[in-house]
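>>> What would the 3D arrangement of this be:
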Amino acid sequence: MRALVIGGGIAGTATALGLHRAGVDVEVYEAHPDAAEDIGAFLTLASNGMRALVQLDAATAVGRAGFPLTSMRVLDASGAEVGLVPLGEAADPVLRYRCLRRGVLSGVLQAEAARRGVRIRHGARLDAVEEGPGGVTAHFTDGTTASGDLLIGADGLRSAVRRALDPGVTPVHAGQRVYYGYTDSAPVAPDAPKDARITMVRGSSVSLGYTVSPAGETYWFARVAGAPSAAGRLGTAAERRELLLTLLRGDTSPAAGLVAATTDDLMVTDAAEIPTGTRWRHGRALLLGDAAHAASPASGQGASMALEDAVVLAKCLRDAPDTGAAFTLYETLRRPRVEHNVTASGNISRGTAVSGAPRRGGPARSRPGDDDLIHHLEWSTDLWETSGGTEA
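I've put the predicted structure just below:
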């Protein structure tokens, strides 16, 4: 079996690692010319994401690239502590939450793929997808093509694969604007790096989270409710900072000081999501990760869900009798869980669910699939056999 993976970011490279482990001949096609895409923003991998990386034999490499988070503290708008809880599987050093920059994570996964002989072609921007009786062909904007038995669209929120196969499905605004920043000159370091803690501040109009890296750099993000920016214009770094500070100055938490200490390293984006119920499968092509089920970043589960996708898809293709059955089994196992995350995260972004509550520090037990997650991810379990050998 030969697979084409479109997208060399987190979802695509992890999928390639999984397919390679399952014995599939796989090649990755990435539109960016190098591994530096999205290097500015950071993310947190939850314990479920780290568990998926264990099955891909990549947890150690990723663990070295990031730093652990073992607890979450919650402050109110005055800076008073209202909660402190452990994060995920904090007792297990391998499964502890990890914080790192998005581009760094992509680079680590790409390095792992290259080390194992997985081919990654950079600068390959998808133009069209063509399915024939014996396979599927990707056409790239430089005039080249690639053919395989199946094609995986793992190219993110603005997926070219989704646009080629289902142009009517587009991302929608999730009700918030999200800021990301870094500073190594906060007036007073709010947490010592050794604390391995993330702090959530429930401000009067802004939800802000921050943590301190082992190097003493403060990573922070802030979520602000509102309509999308006009024509995508989000202003200069100074304008973004001043807009956010205007909303924070009425609070007495550490949030305003962190933002004020951030100079050029400040990014902002409109939160977006893919509506639930959209098609994932198009003949020999399948969407996964943000291309299929992008959620607002409020739940902090986007990358972890994509890593789960990578492992489960690889196992379905390994265990099912044919590609069609594998795709159907994959969707049966994954759709309830990831679409619950889209809905729950969207509710937080739109203000219809409590954000930053201490309960978010542990596993979300109401999330579909939590009880079966270890079974679904454990490489030695046969998903086709344990599903009863049926496609539904």
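>>> buried set for the lengthiest strand in the chain?
Looking across the chain with DSSP state E, the single longest strand is strand 172-183. If you call a residue buried by 16 or more other C-beta atoms under 10 Å, then strand 172-183 has these buried ones: 173-183. Every residue, glycine included, has its C-beta placed from N, CA and C.
>>> ok, now which ones touch Ala14?
Counting by C-beta atoms under 8 Å, 6 or more residues apart in numbering, Ala14 touches 52-53, 56, 58, 109, 306-307, 310-311.
>>> same question but for Tyr182, I mixed them up
Tyr182 touches 42, 217-220, 262, 265, counting by C-beta under 8 Å, 6+ apart.
>>> Now, these that are in strands?
Reading strands off the contacts of Tyr182 with DSSP E, I get 42, 218-220.
>>> per-residue confidence at Gly361?
Gly361 is assigned a pLDDT of 38 by the prediction.
>>> Kindly report the same for Ser296.
pLDDT, read off for Ser296, is 95.
>>> Repeat that for the one 4 residues further on.
In the predicted model, Gly300 carries a pLDDT score of 94.
>>> Would you check that it makes contact with Thr44?
Yes - assessed by C-beta atoms under 8 Å, Gly300 is found in contact with Thr44 at 5.4 Å.
>>> Tell me where the stretch 101-250 of the chain has helices.
Using DSSP state H, counting those that start in this stretch, the helices of the stretch 101-250 of the chain run over 102-115, 160-165, 237-248.
>>> in stretch 377-392, what's buried?
377, 383-384, 387, 391.
>>> on that earlier part again, quick one: which of the buried residues of strand 172-183 is nearest to Gly63?
Tyr182 (20.9 Å; C-beta to C-beta).
>>> Across the sheet, point out what pairs with the closest one.
Tyr219 (DSSP bridges).
>>> ditto for Leu286
Here Leu286, judged by DSSP bridges, has bridge partners Ile152, Arg281.
>>> Look up how far Leu151 lies from it.
8 Å (C-beta to C-beta, to the nearest Å).
>>> What of Arg350?
Distance from Arg350 to Leu151, by C-beta to C-beta: 34 Å.
>>> Quick check, central residue of the protein?
Ala303 (2.0 Å; C-alpha atoms, centre = their mean).
>>> okay, it: pLDDT?
97.
>>> part of a helix, is Val85?
No - Val85: not assigned to a helix; according to DSSP: H, G, I helix; E, B strand; the rest coil it is strand.
>>> ok, the closest residue to Arg158 other than its chain neighbours - how many residues close by?
Spatial nearest neighbour of Arg158, chain neighbours left out: Pro171 (7.2 Å); criterion: C-beta to C-beta, 6 or more residues apart in numbering. By the measure other C-beta atoms under 10 Å, the count of residues near Pro171 is 18.
>>> Quick check, Pro171 in contact with Asp270.
No - assessed by C-beta under 8 Å, Pro171 is found out of contact with Asp270, at 9.3 Å.
>>> Low-confidence ranges, the stretch 1-150 of the chain, go.
Residue ranges of the stretch 1-150 of the chain with pLDDT under 70: 35-40.
>>> If we use 50, what do you get?
Within the stretch 1-150 of the chain, not a single segment meets pLDDT under 50.
>>> For it, which segments count as strands?
2-6, 25-30, 42-45, 67-69, 71-75, 81-86, 97-101, 119-122, 126-132, 135-140, 145-148, 150-153 (DSSP state E, counting those that start in this stretch).
>>> For the closest residue to Asp184 other than its chain neighbours, grab phi and psi.
Distance criterion C-beta to C-beta, 6+ apart; nearest residue to Asp184, sequence neighbours excluded, is Glu217 at 4.6 Å. With angles defined as degrees, to the nearest 10, Glu217 sits at phi -90, psi 130.
>>> Glu217: what's it in contact with?
182-184.
>>> For it, give its distance to Gly203.
22 Å.
>>> what helices or strands is the host helix or strand of Ala314 leaning on?
Using DSSP states H and E, Ala314 maps to helix 302-319. With contacts defined as 3 or more C-beta pairs under 8 Å, 6 or more residues apart in numbering; DSSP states H and E, the packing partners of helix 302-319 are helix 10-21, strand 42-45, helix 47-55, helix 290-293, helix 323-349, helix 373-377, helix 383-386.
>>> which one of the ones you listed lies closest to Ser159?
helix 290-293 (3.7 Å).
>>> Show me the contact partners of the closest one.
Under C-beta under 8 Å, 6+ apart, the answer for helix 290-293 is 7, 11, 153-157, 159, 161-162, 274, 276, 278, 280, 302, 305-306, 309, 335, 338-339, 341-342.
>>> okay, how far is it across stretch 199-214, tip to tip?
One end of stretch 199-214 sits 15 Å from the other (C-alpha to C-alpha, to the nearest Å).
>>> what's the answer for stretch 273-284, then?
25 Å.
>>> tell me how far that stretch is from the chain's mean position?
17 Å (C-alpha atoms, centre = their mean, to the nearest Å).
>>> next one: stretch 322-337
20 Å.
>>> Which of the residues in that stretch are classified as buried?
Those would be 323, 325-331, 333-335, 337, for stretch 322-337 by 16+ other C-beta under 10 Å.
>>> Same question for stretch 58-66.
58-59, 61-63, 65-66.
>>> One more: stretch 273-287?
So stretch 273-287, judged by 16+ other C-beta under 10 Å, has buried residues 273-274, 280, 282, 284-287.
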